[in-house]
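Student: Sequence plus the predicted model coming up.
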Amino acid sequence: MAISRLNPMFSSVSGALTKINKKSPHAGDQKMLLCTHRTAATTSTDCNRVYVRDLQSITRSTPVTADEILQRQRFASVSRAVATRAKDLSRMGSDKAAFQEQKDTPGGLKTLKKYLWSLEMATYDQAHQG
């Protein structure tokens, strides 16, 4: 097994170093190089791992279900609503005040974005469940 030492400037590498271009006519010949960095407290110093994946391991083998399509539509709709609400100056003051009020309570949401997501998710679910 080969051991590589990284320059101290690059103490850890994590994520995709190379990706497969699925639109390329040569996609079947390409490989994805994926690196992970483990930060668990152990006695081992081997905390970087490199994996090679081919196109078959990242290509979906089953068709997208109707439930998945609905979940994607829900996510997209709520995401757009949260982005719009975060930029709406007329609601910003009341949203921040309500967020601060609930933040330190048991079960309170700790970030404003998460709080806005919960509000918009509830609004979407109420509008589409009944």
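Tutor: Good, I have the coordinates. These numbers come from a predicted model, not from an experiment.

Student: which intervals of this protein have sub-threshold pLDDT?
Tutor: In the predicted model, the chain carries pLDDT under 70 at residues 1-13, 39-46, 55, 57-58, 130.

Student: Can you give me the domain assignment for it?
Tutor: The chain breaks down into these structural domains: 8-58, 66-129 (assignment by automatic domain parsing).

Student: Save those domains as TSV, and put in mean neighbour count too.
Tutor: Glycine gets a C-beta too; all of them are placed from N, C-alpha and C. Formatted as TSV, the domains of the chain follow (neighbours: other CB atoms under 10 Å):
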stretch	mean neighbour count
domain 8-58	11
domain 66-129	12
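
Student: next helix or strand past the longest helix seen in the chain?
Tutor: Criterion DSSP state H: the longest helix present in the chain is helix 66-87. Next along the chain after helix 66-87, taking DSSP states H and E as the criterion, comes helix 89-103.

Student: by contact count, what packs against whichever helix or strand comes after that following helix?
Tutor: As assigned by DSSP H and E, the chain's next helix or strand after helix 89-103 is helix 112-129. Under the contact definition 3 or more CB pairs under 8 Å, 6 or more residues apart in numbering; DSSP states H and E, helix 112-129 sits against helix 66-87, helix 89-103.

Student: Looking at those helices, spot the one closest to residue 125.
Tutor: Set against residue 125 and scored by CB to CB, the helices and strands packed on helix 112-129 come closest in helix 66-87, at 8.2 Å.

Student: what's the closest one packed up against?
Tutor: Counting contacts by 3+ CB pairs under 8 Å, 6+ apart, helix 66-87 is packed against helix 89-103, helix 112-129.

Student: Of all these, which one comes closest to residue 16?
Tutor: In terms of CB to CB, the element of these nearest to residue 16 is helix 112-129, at 25.1 Å.

Student: thinking again about what came up before, contacts for the longest helix of the chain?
Tutor: Helix 66-87 is contacted from outside by 91-92, 95, 112-113, 116-117, 119-121, 123-124, 128, using CB atoms under 8 Å, 6 or more residues apart in numbering.
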